[in-house]
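**Q** Give me the fold of what follows.
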Amino acid sequence: MWPSMPLTQLHTAMVALPAHKRYGLAFGLGALAALALAPFYAVFLLVPAFCGLLWLVYGAAGLRGAFFAGWWFGLGHFSVGLYWIANALLIDAARFGWLIPFAITGLSAVLAVFPALAGVLARRLSGDSGGLARVLVFAACWTLLEWLRGWVLTGFPWNLTGSALALSDALMQGASVTGIYGLSLLVVAVAAAPATVCKNQNWGGGYRPTIGAAILFALVWAGGSARLSGVAAVGEDTVPDVRLRLVQPNIAQQNKWKSDLKIANFKEQIAMSVADGTGAAPTHVIWSETAATYLLSNDMAVRKAMAEAVPKGGLILTGAPRSTPVRENPFRIWNSLYALDSAGGIVGTYDKHHLVPFGEYMPFRGMFGLEKLTAGSTDFTPGPGRQTLRLPGLPAVSPLICYEVIFPGNVVNATDRPQWMLNVTNDAWYGISTGPYQHFDAARFRAVEEGLPLVRVANTGMSGVIDGYGRTVGRLELGSKGTLDSVLPKALSATLYSRYGNAVALILILLTGGLGLVLGRRKNARS
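**A** Modelled structure (predicted):
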């Protein structure tokens, strides 16, 4: 049929390119795939990106060529998807600006090893198979390597492929069963299926895999739509007698820790906390990560001042550093969340346990001779781990600070299930860029996976309230200053994912890869 002809010709032209042009093309395809993520959601671009990648991986002369096809794809993908880390180095450009090309290229080059290994593994397992077998094996290998990226060397599961489905509340619902990794498996398999329309090199030249992929995608959407059709409207099923005020002061990172501005910033947030709002008065006020730039545990005067912002009978929750008492050795400091009552008393704390390398601590400090990006020269100390806090007037909560929210299956204490999650963060580091949008979507997926509402409070945005279906109840936009008064949605029943975590996705990966291998053997047996 006619549509197969140009695709076959395109495949022929691509695999005939000299090596440097093939790798340049792979880089461009990876960059194209990054545009499927927030805030662009150009999901249709994943089809040419993954079809092209498969043709390059399986059209390479050997495993070495497959590796570099995947690596250059990954380099392009992560360079475009993570360019915003340059903004963090510009906060103190005199000290760290020179690191920008090394940081972006270096991090992208390391992360690109994962798609490179996916290409090698897929090529090794199904190099002589037919087109559908290749698609299934590749999708399984890609997702397996994404899962490994989520925990190897402390993990960095940012911009997982399934995140592209955040464009639709209905498509997100599958995360309640399989988690984000299951959705990554779906997206890669569906996007790569049209590669089989090509008639060259055993790709098949047929349309059945593409039609089947489209039907599968439609079924996932329909299932998600059906799940949402029978539930209360956004913002209706809520916790009684709880009214939250999220404070987003939009303080530039350059001004956050300046001694001559700290008091003014502090007073401004108190004023925003007590200002008249819309609707019922808040019962609890929430500030962002390190919104209080003082060691609250050691400074009763500051806590007394903050108590002015506490609603009657309520609490104020804020991010702030916490340290060992004065003159105690060794001196240690934590990135923490505090809950203060109307007397300035500390009724609960949580210490961040998953720290950001180079940002909150310097790995191999003696080797690099560099300081961390955050204020102060002392590395932060990790907290003991996931924790469920019980605070007066609130359901049990799982606190998450900054990028702790991006780790699937590692956001709540499984033995002490909370009723909601609270993510305080400071995305001022990343300016007006794609980073905060991607961070917000990660939070939405954690809500769907766990079936728990999630409240996100960010210094510069985006702050918002998300229900257990991943739907946004209310949001403050990036780069804006303001407060958001909101209800707290109720928790859903435990999801399949909250019970079994990533085991469901891993089983699907094995089944998908296994089916691909079986199909490949049958094809070879008929040859």
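**Q** so His11 touches Trp203, yeah?
**A** Yes - proximity of His11 to Trp203 meets the contact threshold set by Cβ atoms under 8 Å, at 7.3 Å. (Glycine included, C-beta is placed from N, CA and C.)
**Q** For the closest residue to Ala86 other than its chain neighbours, which three-state class applies?
**A** Excluding the flanking residues, the one nearest Ala86 by Cβ to Cβ, 6 or more residues apart in numbering is Ile100, at 4.7 Å. What DSSP: H, G, I helix; E, B strand; the rest coil gives for Ile100 is helix.
**Q** how close does Ile100 sit to Thr434?
**A** According to Cβ to Cβ, to the nearest Å, Ile100 and Thr434 sit 16 Å apart.
**Q** Same drill for the two, tell me which one is more crowded.
**A** Comparing Ile100 with Thr434 by other Cβ atoms under 10 Å, the one with more neighbours is Thr434, at 21 against 17.
**Q** now the helices for the stretch 401-527 of the chain?
**A** Shown for the stretch 401-527 of the chain, the helices assigned by DSSP state H, counting those that start in this stretch span residues 434-450, 496-500, 503-526.
**Q** Next: the stretch 201-350 of the chain.
**A** Using DSSP H, counting those that start in this stretch, helices in the stretch 201-350 of the chain cover 208-229, 253-256, 262-274, 300-307.
**Q** how does the protein divide up, domain by domain?
**A** Segmentation of the chain into domains, based on automatic domain parsing, reads 4-230+502-526, 238-489.
**Q** possible to save these as JSON lines with distance to Leu496?
**A** Below are those laid out as JSON lines (distance: least, Cβ to Cβ, whole Å):
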{"stretch": "domain 4-230+502-526", "distance to Leu496": "5"}
{"stretch": "domain 238-489", "distance to Leu496": "9"}
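**Q** Now tabulate those in a markdown table and tack on mean pLDDT and distance to Thr495.
**A** Below are the domains of the chain laid out as a markdown table (pLDDT from 0 to 100; distance: least, Cβ to Cβ, whole Å):
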| stretch | mean pLDDT | distance to Thr495 |
| --- | --- | --- |
| domain 4-230+502-526 | 94 | 4 |
| domain 238-489 | 93 | 4 |
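**Q** you'd agree Gly468 is up against Ala491?
**A** Yes - between Gly468 and Ala491 there is a contact at 6.1 Å, judged by Cβ under 8 Å.
**Q** Those two: which has the busier surroundings?
**A** Ranked by neighbour count (other Cβ under 10 Å), Gly468 and Ala491 place Gly468 first, with 25 against 21.
**Q** Now for the more buried one: which residues touch it?
**A** 447-448, 450-453, 489-492 (Cβ atoms under 8 Å, 6 or more residues apart in numbering).
**Q** if you set the cut-off to 10 Å instead, what comes out?
**A** Taking Cβ atoms under 10 Å, 6 or more residues apart in numbering, we find Gly468 in contact with 176, 231, 237, 419-421, 447-454, 489-493, 495.
**Q** Please name whichever of the helices of the stretch 201-350 of the chain is nearest to Thr483.
**A** Between Thr483 and those, the shortest gap by Cβ to Cβ is with helix 262-274, which sits at 5.5 Å.
**Q** picking that back up, winner for burial among the helices of the stretch 401-527 of the chain?
**A** For those, the largest average neighbour count (mean count of other Cβ atoms under 10 Å) is found in helix 434-450, namely a mean of 25.
**Q** could you check the angle helix 208-229 makes with that helix?
**A** In terms of direction (axes from the mean of the first three to the mean of the last three Cα atoms, to 10 degrees), helix 434-450 departs from helix 208-229 by 70 degrees.
**Q** Tell me which stretches of the stretch 51-200 of the chain form strands.
**A** Using DSSP state E, counting those that start in this stretch, the stretch 51-200 of the chain contains no strands.
**Q** Show me where it has its helices.
**A** Remark: helices assigned in the stretch 51-200 of the chain by DSSP H, counting those that start in this stretch are 63-81, 85-90, 93-96, 100-111, 113-126, 131-149, 169-172, 175-192.
**Q** could you dump the ones you listed to TSV with distance to Trp221?
**A** Shown next, in TSV, are the helices of the stretch 51-200 of the chain (distance: least, Cβ to Cβ, whole Å):
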stretch	distance to Trp221
helix 63-81	24
helix 85-90	33
helix 93-96	44
helix 100-111	30
helix 113-126	26
helix 131-149	18
helix 169-172	5
helix 175-192	11
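**Q** quick one, what contacts the residue lying closest to Ala195 once chain neighbours are set aside?
**A** What sits nearest to Ala195 in space, not counting adjacent residues and going by Cβ to Cβ, 6+ apart, is Cys51, at 4.1 Å. Listed by Cβ under 10 Å, 6+ apart, the contact set of Cys51 reads 7, 10-11, 14, 29, 135, 191-198, 203.
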